[in-house]
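Student: Sequence first, predicted coordinates after that:
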Amino acid sequence: MITTKGRYALRVMIDLAENHGNESYVPLKDIAERQEISKKYLEIIVKDMVSGGLLIGASGKGGGYKLCRKPEEYNVGEILEVMEGKLSSVSCLSGDFNDCPRKNSCHTLPMWTEYDNMVHDFFYGKKLTDLLSKKKGSARKASSSK
């Protein structure tokens, strides 16, 4: 399951891409207000995003956060994995720590592997800019139907 950390991280990335790209630092309070998310909770999230290489942070006057790269260079999968860890459906596929002793005889493992590959390909096939265009497209449809 994708937690609020992963979902909110995507919202932060979209907000930064829409409002400033990777040009200027954006105060966290501005993002929190636009996204209607607690600034305190966002502080925890952006700290992980900075350490995960998704954002650059600067403190002091004129500080805030900005994208490290152009929006089209991010994919949803990398953002979610920085925030959530490996996206695995079952613990035996989540890494070395959960190496299942039954993996050589498990009849369901191929199914879980196939499912995880579909999820991986789906999220890694989506760019941050795909989310921007969908959101803008939805806004255009809503305004044209008024």
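Tutor: Received, thanks. Residues are numbered from 1 along each chain as shown.
Student: Can you give me the buried ones in stretch 105-121?
Tutor: Neighbour-count burial for stretch 105-121, with 16 or more other C-beta atoms under 10 Å as criterion, is recorded at 109, 116. Just so you know, the C-beta spots here come from the backbone N, C-alpha and C atoms, and that holds for glycine as well.
Student: Show me the shaky parts of the chain.
Tutor: Residues of the chain that meet the criterion pLDDT under 70 lie in 21-22, 96-99, 133-146.
Student: 50 instead, please
Tutor: 137, 139-146 (pLDDT under 50).
Student: in it, which spans are strands?
Tutor: 55-58, 64-67 (DSSP state E).
Student: Mind putting those into TSV with distance to Val119 and mean neighbour count?
Tutor: Output for the strands of the chain, formatted as TSV (distance: least, C-beta to C-beta, whole Å; neighbours: other C-beta atoms under 10 Å):
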stretch	distance to Val119	mean neighbour count
strand 55-58	24	17
strand 64-67	25	21
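Student: Any chance of JSON lines for the ones you listed, columns distance to Glu84?
Tutor: Formatted as JSON lines, the strands of the chain follow (distance: least, C-beta to C-beta, whole Å):
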{"stretch": "strand 55-58", "distance to Glu84": "16"}
{"stretch": "strand 64-67", "distance to Glu84": "20"}
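Student: Tell me which of these sits nearest to Cys106.
Tutor: Closest of these to Cys106 is strand 55-58, at 39.4 Å (criterion: C-beta to C-beta).
Student: what packs against that closest one?
Tutor: Applying 3 or more C-beta pairs under 8 Å, 6 or more residues apart in numbering; DSSP states H and E, one finds that strand 55-58 contacts helix 39-51, strand 64-67.
Student: so what's Gly77 up against?
Tutor: Residues in contact with Gly77 (C-beta atoms under 8 Å, 6 or more residues apart in numbering) are 87, 120, 123-126.
Student: wait, which of the strands of the chain is closest to Ala9?
Tutor: Nearest of the strands of the chain (C-beta to C-beta): strand 55-58, 9.3 Å.
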